[in-house]
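*Asks:* I need the structure of the sequence given here:
(chains A and B)
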Amino acid sequence: KNEVEQSPQNLTAQEGEFITINCSYSVGISALHWLQQHPGGGIVSLFMLSSGKKKHGRLIATINIQEKHSSLHITASHPRDSAVYICAALQGAQKLVFGQGTRLTINP
Amino acid sequence: EAGVVQSPRYKIIEKKQPVAFWCNPISGHNTLYWYRQNLGQGPELLIRYENEEAVDDSQLPKDRFSAERLKGVDSTLKIQPAELGDSAVYLCASSPGETQYFGPGTRLLVL
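*Replies:* Just a heads-up that it's a prediction; the model follows:
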């Protein structure tokens, strides 16, 4: 069993739909990252959070430390949101443990 | 400000050949990481440097992989000889602290 599990692995939705990607982890963490990876592109950090909720534009990330669970939400999804979204648990100050990623496709 | 630079972006080689990847981190970032990302998977750490010192290389297959960061700035990752299973994207990241900044990766195909 991976230390960081994401679900679903693949998600296809229509433009405008509300999107939720889930991440569960079994290790102790100091923070959790949500990352975005476009095809052929590098990885971009979306959020780093250690408690509660963060919002940036149409993206919202939440974390429940007691339940070891985090979610990434996208409101009013758009085809340009199509990418792989990766959850990564920060152990200590430097070590990132990555989930396998969720491939999101938003159709117009 | 320039981001993490990696070259080449793509590399196709035959098995048993050597290959090298280069990474130039963001200026001032002391920590440098090399990751390998297989298709449909998240990145896996190969090695982490603090300045010129490799502080975590436990996941680096040392029989064929080597890395160096001689002056504590740019770094090279080498595979010799390459095997079919080494086909992956090799990502470099740098960090001034907790947040890691990723390069575009080098996509390696071993035939």
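*Asks:* Spell out which parts of chain B neighbour chain A.
*Replies:* Selection of chain B residues close to chain A by C-beta under 8 Å from any C-beta of the partner chain yields B:3-4, B:31, B:40-45, B:48, B:56, B:91, B:93, B:95, B:97-105. The way it works is simple: take the backbone N, C-alpha and C, and place the C-beta from them, glycine included.
*Asks:* how about a cut-off of 7 Å?
*Replies:* Contact residues (C-beta under 7 Å from any C-beta of the partner chain) of chain B with chain A: B:31, B:40-43, B:48, B:91, B:98-100, B:102-105.
*Asks:* remind me which residues of the chain are low pLDDT?
*Replies:* As the question left the chain open, I've gone with chain A. Using pLDDT under 70 as the threshold, the predicted model of chain A has low-confidence ranges A:1, A:41, A:93.
*Asks:* Can you look at chain B instead?
*Replies:* Low-confidence segments of chain B, defined by pLDDT under 70, span residues B:1.
*Asks:* from it, which residue is nearest to chain A?
*Replies:* Among the residues of chain B, B:Gly42 lies closest to chain A, at 3.1 Å counting by C-beta to the nearest C-beta.
*Asks:* With adjacent residues omitted, what lies nearest to that residue?
*Replies:* The spatial neighbour of B:Gly42 that comes closest, neighbours along the chain excluded (C-beta to C-beta, 6 or more residues apart in numbering or on different chains), is A:Phe98 at 3.1 Å.
*Asks:* surely the one you found meets A:Ile86?
*Replies:* Yes - the pair A:Phe98 / A:Ile86 is scored as a contact, 5.8 Å apart, by C-beta atoms under 7 Å.
*Asks:* what's the overlap in contacts for those two?
*Replies:* Counting by C-beta atoms under 7 Å, 6 or more residues apart in numbering or on different chains, the residues touching both A:Phe98 and A:Ile86 are B:Gly42.
*Asks:* quick one, which of those two is more surrounded?
*Replies:* When neighbours are counted by other C-beta atoms under 10 Å in any protein chain shown, A:Ile86 comes out ahead of the other of A:Phe98 and A:Ile86, with 27 against 23.
*Asks:* any idea how far that one is from chain B?
*Replies:* Distance of A:Ile86 to chain B, given as C-beta to the nearest C-beta, to the nearest Å: 5 Å.
*Asks:* host element of that residue?
*Replies:* strand A:83-91 (DSSP states H and E).
*Asks:* chain center to that strand, what's the gap?
*Replies:* 6 Å (C-alpha atoms, centre = their mean, to the nearest Å).
*Asks:* Contacts only, for the spatially closest residue to B:Pro8 that is not a sequence neighbour.
*Replies:* Spatial nearest neighbour of B:Pro8, excluding adjacent residues (C-beta to C-beta, 6+ apart): B:Thr106 at 6.0 Å. Contacts here follow C-beta under 7 Å, 6+ apart; on that basis B:Thr106 touches B:6, B:8-9, B:11, B:21, B:89-90.
*Asks:* that older thread, buried sites along the following helix or strand past the strand holding A:Ile86?
*Replies:* Sequence order places strand A:95-98 as the next helix or strand after strand A:83-91, per DSSP H and E. Using 16 or more other C-beta atoms under 10 Å in any protein chain shown as the burial criterion, the residues of strand A:95-98 that qualify are A:95-98.
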